[in-house]
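Asker: need coordinates for the following:
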Amino acid sequence: MQFRQQALSKLQSPEQLDLPVRFARPQGLLVLVVTLVVMAGACFWAVTGSVASTLDAPGILTHSRGSYILQSPVSGQITEVLADEGTTLPRDAPLLKVRAQDGEHLVRTIDAGRLTSVTATIGAVVTTGADVASVERTGGSDDPLVALLYVAGSKAASVPVGASVDLTVQSVPSQQYGVLRGKVAAVGRSAQTEQQITRFLGDAQLGEQFSRHGRPLAVVVRIERAASTESGYRWSSSDGPPYGIGSMTLATGSVRLTDQRPIDWLLP
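Answerer: Got it, this is the predicted structure:
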């Protein structure tokens, strides 16, 4: 107690009034200045900057007119397959011969297109209405590809037309050749059922795959063209893969949503 009183008395002594005031060290001033600069920059970015969010969705590369499934008009046995997979066929072209009780019948194409798969084989017995083949509608060899992304209904409303899309193609190593560039051309207005997806793509497995988590909306992505690449499309790398890409190739799209200002979500 005695030492404390002596210390207080010494501080109150007039002799202490002429001591110089000690200011902060230069290192402390530097830390203060840096802190103020960082805070000012953060405030400026929060007001004028933006944050880009993305939405990932599964999809497929195809032609804009889709595909259709051919069905047998009669019950009988397949006796001949008249075209190979990958062949481009005109409208009403004969594809299969089916031997029924009243003679042989032909299964013909409905529209011109590329034969993507034949599910019926020679000797197989089919019933009336059974699926026997699928054909992709095309307008010719130069018909451009589009990407169809199947987005959950709760998220599709946030996808703006014109948004940039990066497409990771299953058959192309993205680490080596990059991703395809595209833009959203249209967003479907109604959710798609498994049957609707199957009819458009001509593949029941794809219909099941894209509707596994509920009824999605279809987002059409226009792929940007580039005459300088082997595939004819623009990639994030300079050249892209040294080969072309075909339709009915699975892909994953990363859609860039509308930018948001940080202050919109930093403030309550």
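
Asker: the strands in the stretch 151-268 of the chain, which residues?
Answerer: Counting by DSSP state E, counting those that start in this stretch, residue ranges of the strands within the stretch 151-268 of the chain are 164-169, 180-187, 216-223, 249-256.

Asker: partners of the shortest one, with directions?
Answerer: The one in question is strand 164-169. Applying DSSP bridges, strand 164-169 is found paired with strand 180-187 (antiparallel), strand 249-256 (antiparallel).

Asker: show me where the stretch 1-150 of the chain has helices.
Answerer: 2-11, 26-48 (DSSP state H, counting those that start in this stretch).

Asker: got it, and the stretch 151-268 of the chain?
Answerer: Taking DSSP H, counting those that start in this stretch, the helices of the stretch 151-268 of the chain run over residues 153-156, 174-177, 194-201, 204-210, 262-266.

Asker: just checking, what packs against the third one?
Answerer: Going back to what we said before, that points to helix 194-201. Under the contact definition 3 or more C-beta pairs under 8 Å, 6 or more residues apart in numbering; DSSP states H and E, helix 194-201 sits against strand 67-71, helix 204-210. Placement of C-beta: from N, CA and C, glycine included.

Asker: right, so those: which one is the most enclosed?
Answerer: Burial of the helices and strands packed on helix 194-201 is given as mean neighbour count (mean count of other C-beta atoms under 10 Å); strand 67-71 ranks first at a mean of 20.

Asker: which strands and helices sit next to it?
Answerer: By 3+ C-beta pairs under 8 Å, 6+ apart, strand 67-71 packs against strand 113-118, strand 131-137, helix 194-201.

Asker: let's see that with 6 Å instead.
Answerer: strand 131-137 (3 or more C-beta pairs under 6 Å, 6 or more residues apart in numbering; DSSP states H and E).

Asker: look up the closest residue to V126, ignoring the ones flanking it.
Answerer: S72 (4.5 Å; C-beta to C-beta, 6 or more residues apart in numbering).

Asker: likewise for V184?
Answerer: Closest to V184 by C-beta to C-beta, 6+ apart is A163, at 4.6 Å.

Asker: repeat for V219
Answerer: L149 (4.3 Å).

Asker: what's opposite the one you found in the beta bridge?
Answerer: G59, V219.

Asker: report the contact partners of it.
Answerer: Contact partners of L149, counting by C-beta atoms under 6 Å, 6 or more residues apart in numbering, are A57, G59, V219, G253.

Asker: swap in 10 Å and give it another go.
Answerer: 55-60, 156, 159, 165, 167, 182, 184, 187, 210, 216-221, 251-255 (C-beta atoms under 10 Å, 6 or more residues apart in numbering).

Asker: now stretch 228-236: mean pLDDT?
Answerer: For stretch 228-236, the mean per-residue pLDDT is 93.

Asker: on that earlier part again, how close does the residue nearest to V219 sit to V184?
Answerer: L149 is 9 Å from V184, where distance means C-beta to C-beta, to the nearest Å.

Asker: now do S254
Answerer: On the measure of C-beta to C-beta, S254 and V184 end up 12 Å apart.

Asker: ok, back up a step: by mean pLDDT, show me the worst of the helices and strands packed on helix 194-201.
Answerer: Among the helices and strands packed on helix 194-201, strand 67-71 carries the lowest mean pLDDT, a mean of 90.

Asker: convert the C-alpha atoms of that one to CSV, please.
Answerer: This file holds the C-alpha atoms of strand 67-71, laid out as CSV (Å, rounded to 0.1, in the frame of the first residue of the first chain):
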residue,chain,number,x,y,z
SER,A,67,-34.8,-38.1,-81.9
TYR,A,68,-37.6,-40.5,-82.2
ILE,A,69,-38.1,-44.2,-81.5
LEU,A,70,-39.3,-46.6,-84.3
GLN,A,71,-41.7,-49.3,-83.3
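
Asker: what do S254 and V184 both touch?
Answerer: L149, S164, V165.
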